[in-house]
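> missing the sequence, but the structure's below:
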Ligand SMILES: Cc1cc2nc3c(=O)[nH]c(=O)nc-3n(C[C@H](O)[C@H](O)[C@H](O)COP(=O)(O)O)c2cc1C
Ligand SMILES: CCCCC(=O)C(=O)O
């Protein structure tokens with residue numbers, strides 16, 4: 001059956017993946033209220049198209065920072081763990097597909113392929129020879145280990161660090177409890193978390209520690225470890241966006257971890273306008289959660305995002321057709337965004353503004 005949409009890819013991924021793996025990818029914390037709300041929030045907004053505005057071709061490129069090479073499109077791969085659960089090529093396949101599409105890959109620290117191998121695959125596949133890669137980090141209580149990870153990411157050509165700050169403790173996911181899914185199966189592990197031992201051989205992967213003891217000082221600490229731009233992922237409150245500005249981060253990443261951490265947290269699209277208001281263009285804003293269509297991307301851009309992260313949608317592509325599936329999902333979302341821009345009379349993202357959206361009266365069931 002041909003795939004018309006991300007929804008179709010999800011259906012096929014569900015058919016192919018073992019139940020516990022599908023549930024790990026698809027699931028959220030507790031009652032999954034936030035998980036569902038992320039996607040529903042897009043349906044609470046309507047697009048307000050403008051007519052007869054010439055836009056024979058649409059430019060999807062976006063620059064997040066002055067003097068930084070622009071991204072080819074405002075759709076980026078949100079960091080997701082364990083890609084080899086979805087497909088044997090794992091993050092190598094994801095990296096190649098994203099690099100070929102010139103799309104930014106935010107690589108999770110919990111990858112099932114080592115960061116150096118992911119970077120090599122990405123750079124090898126990029127037409128320019130230089131792929132766009134950011135590294136997602138859970139700061140570890142062992143700061144020396146954290147610093148070594150950052151050093152490796154820098155050496156491998158990652159261009160920014162994304163510190164995830166929504167996980168002082170790990171969310172409790174009912175589906176994983178029911179399925180008894182608490183660990184990677186034999187043969188798979190977090191390859192980036194291995195380090196050379198005294199004999200030069202790689203040791204066992206170090207477990208990821210979550211810490212509720214961290215304060216804003218970790219941002220300042222990490223800044224001393226690197227000259228890479230720092231992006232804070234997991235911001236939901238305007239007051240925290242302002243604190244992020246005070247701590248001189250380079251971008252704000254609005255996320256509730258795809259509904260996998262605090263159930264009952266708001267849908268990301270719902271907090272975006274207030275955060276965009278207080279940030280007032282001083283920093284780029286990324287947002288993720290529930291993006292399944294190009295029109296979702298357009299709504300997020302209209303409400304103040306500069307780029308939009310996509311998590312599960314890409315995993316469904318990877319599970320269904322490997323790297324080709326990742327490429328297919330990206331192409332679908334890109335094409336849908338391009339089409340929506342044309343129908344709204346926008347020839348570039350600069351023309352996308354809050355005037356393009358308004359509230360829908362009846363939320364869809
Ligand atoms: C299976 C899975 C694994 C994830 N792993 C990570 C991770 O390692 N680090 C992180 O910061 N976020 C992680 N996330 C959260 C995503 O970065 C992102 O916030 C979320 O998936 C966005 O929602 P969406 O899946 O609806 O697009 C994960 C999400 C999923 C679904
Ligand atoms: C220890 C792996 C972290 C993955 C993650 O962040 C998630 O499942 O949401």
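Thanks, I have it. Keep in mind that this is a model prediction, so the values were computed, not measured. Ligands and ions are numbered 1, 2, ... in the order given.
> List the contacts of the closest residue to residue 294 other than its chain neighbours.
Closest residue to residue 294 apart from its sequence neighbours, by CB to CB, 6 or more residues apart in numbering: residue 336 at 2.5 Å. (Glycine included, C-beta is placed from N, CA and C.) Going by CB atoms under 8 Å, 6 or more residues apart in numbering, residue 336 touches 293, 294, 295, 297.
> Now do the same contact list for the third one.
Contacts of residue 295 were listed using CB under 8 Å, 6+ apart, and they are 42, 47, 336, 337, 340.
> Ligand 2: which of those residues is nearest?
Ligand 2 has its nearest neighbour among these in residue 42, at 21.0 Å by CB to the nearest ligand atom.
> what distance separates the start and the end of stretch 63-79?
Stretch 63-79 has its terminal residues 20 Å apart, counting by CA to CA, to the nearest Å.
> Which residues are in contact with the residue lying closest to residue 355 once chain neighbours are set aside?
Among residues not flanking residue 355 along the chain, residue 48 sits closest, at 7.1 Å (CB to CB, 6+ apart). By CB under 8 Å, 6+ apart, the contact list for residue 48 reads 344, 355, 356, 357, 358.
> ok, back up a step: by neighbours, which of the contacts of residue 295 wins?
residue 337 (24 neighbours; other CB atoms under 10 Å).
> how many other residues sit next to residue 110?
Residue 110: 20 neighbours (other CB under 10 Å).
> Quick check: pLDDT value at it.
Looking at residue 110, its pLDDT is 98.
> Also residue 364?
60.
> Please apply the same query to residue 1.
70.
> Pull the number of nearby residues for it.
So residue 1, with other CB under 10 Å, has 6 neighbours.
> Could you check stretch 72-88 and say which residues are buried?
73-87 (16 or more other CB atoms under 10 Å).
> Which ones among those map onto strands?
Among the buried residues of stretch 72-88, the members found in strands (DSSP state E) are 75, 76, 77.
> with these in mind, which one is nearest to residue 269?
residue 75 (15.3 Å; CB to CB).
> Distance check, the closest one against ligand 1.
11 Å (CB to the nearest ligand atom, to the nearest Å).
> just residue 139 next, same as before
On the measure of CB to the nearest ligand atom, residue 139 and ligand 1 end up 12 Å apart.
> residues contacting that residue?
Contacts of residue 139 (CB under 8 Å, 6+ apart): 146, 163, 211, 214, 218, 221, 222.
> where does the first one land in three-state SS?
To tie it back to what came earlier, the one meant is residue 146. When classified by DSSP: H, G, I helix; E, B strand; the rest coil, residue 146 comes out as helix.
> Which element, helix or strand, includes the residue lying closest to it once chain neighbours are set aside?
Nearest residue to residue 146, sequence neighbours excluded (CB to CB, 6+ apart): residue 140, at 4.6 Å. Per DSSP states H and E, residue 140 falls between elements, in no helix or strand.
> Confirm for me that residue 140 is in contact with residue 209.
Yes - using CB atoms under 8 Å, residue 140 makes contact with residue 209 at a distance of 5.6 Å.
> which of these two has more neighbours?
residue 140 (20 against 11).
> which among the contacts of residue 48 gets closest to residue 68?
Closest to residue 68, out of all of the contacts of residue 48 and judged by CB to CB, is residue 356, at 25.4 Å.
> Helices along the stretch 201-350 of the chain, start to end?
217-225, 238-246, 268-279, 294-302, 312-321, 323-344 (DSSP state H, counting those that start in this stretch).
> Can I get those helices in a markdown table including distance to ligand 2 and mean pLDDT?
Below are these laid out as a markdown table (distance: least, CB to the nearest ligand atom, whole Å; pLDDT from 0 to 100):
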| stretch | distance to ligand 2 | mean pLDDT |
| --- | --- | --- |
| helix 217-225 | 17 | 98 |
| helix 238-246 | 19 | 98 |
| helix 268-279 | 15 | 98 |
| helix 294-302 | 20 | 98 |
| helix 312-321 | 11 | 98 |
| helix 323-344 | 19 | 98 |
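> who in the stretch 201-350 of the chain is up against ligand 1?
233, 255, 257-258, 260, 288-291, 309-312 (CB under 6 Å from any ligand atom).
> roughly how far out does stretch 274-289 sit from the chain middle?
Centre-to-centre, stretch 274-289 and its host chain are 16 Å apart (CA atoms, centre = their mean, to the nearest Å).
> typo on my end, stretch 26-45
On CA atoms, centre = their mean, the centre of stretch 26-45 falls 16 Å from that of its chain.
> do the same with stretch 75-88
With CA atoms, centre = their mean, you get 10 Å for stretch 75-88.
> what does stretch 291-310 give?
Worked out by CA atoms, centre = their mean, stretch 291-310 lies 12 Å from the chain centre.
> how close does the residue sitting furthest away from the middle of the chain get to ligand 2?
The C-alpha centroid of the chain is most remote from residue 199, which lies 36.7 Å away (CA atoms, centre = their mean). From residue 199 across to ligand 2, the span is 27 Å (CB to the nearest ligand atom).
> what's the answer for residue 162, then?
12 Å.
> Now that residue, what are its backbone angles?
phi -110, psi 110 (degrees, to the nearest 10).
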